[in-house]
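In: A structural model of the following input is requested.
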Amino acid sequence: MNVIRRILEYYFLQLCGYDGAILRKRILVDNKDSFISHKEDGSVDTTQFQMASAMLSYISANSIGINDGMNYVDDCIDVVQSRETFEMIFKFMSQEQHYKMMMGIK
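Out: Down below sits the predicted model:
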């Protein structure tokens with residue numbers, strides 16, 4: 001999560017000039033339904049929404065790498081789901097080309 005935090009913070013806040021609150025609104029409020037999936041049994045899975053919220057909560061947080069566990073427990077991270085959520089953040093910010101460049105996708 002520390003690497004994700006550093007990338008999001010540097011790219012969106014420092015390079016693109018977004019404000020953290022605007023970034024959160026555009027991703028978590030405007031695109032909330034895209035992060036939530038509905039299962040066949042009628043239940044709702046908010047895991048990706050919670051993960052995106054945790055990723056964005058880490059922005060401008062304590063950057064020394066200490067996690068107090070308040071927002072997210074690092075040991076529970078699903079790498080595939082983290083990558084998908086990370087990609088969705090770039091997609092919703094209309095920065096898919098930068099994500100593809102970082103990931104080496106043509």
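In: from here on, contacts and neighbour counts on C-alpha atoms
Out: Will do.
In: Using the centroid of this protein, identify the residue furthest from it.
Out: Within the chain, the residue lying farthest from the chain centre (CA atoms, centre = their mean) is Asp41, at 27.0 Å.
In: that's a strand at Ile59, yeah?
Out: No. Counting by DSSP: H, G, I helix; E, B strand; the rest coil, Ile59 is not part of a strand but coil.
In: Any buried residues in stretch 79-89, and which?
Out: Ser82, Thr85, Phe86, Glu87, Met88, Ile89 (16 or more other CA atoms under 10 Å).
In: okay, these in TSV with secondary structure next?
Out: Formatted as TSV, the buried residues of stretch 79-89 follow (three-state DSSP):
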residue	secondary structure
Ser82	helix
Thr85	helix
Phe86	helix
Glu87	helix
Met88	helix
Ile89	helix
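In: show me what contacts Ile77?
Out: By CA atoms under 8 Å, 6 or more residues apart in numbering, no residues touch Ile77.
In: ok, it to Gln50 distance?
Out: Look at Ile77 and Gln50: by CA to CA, to the nearest Å, they are 12 Å apart.
In: Ile89 now?
Out: Relative to Gln50, Ile89 is positioned 13 Å away (CA to CA).
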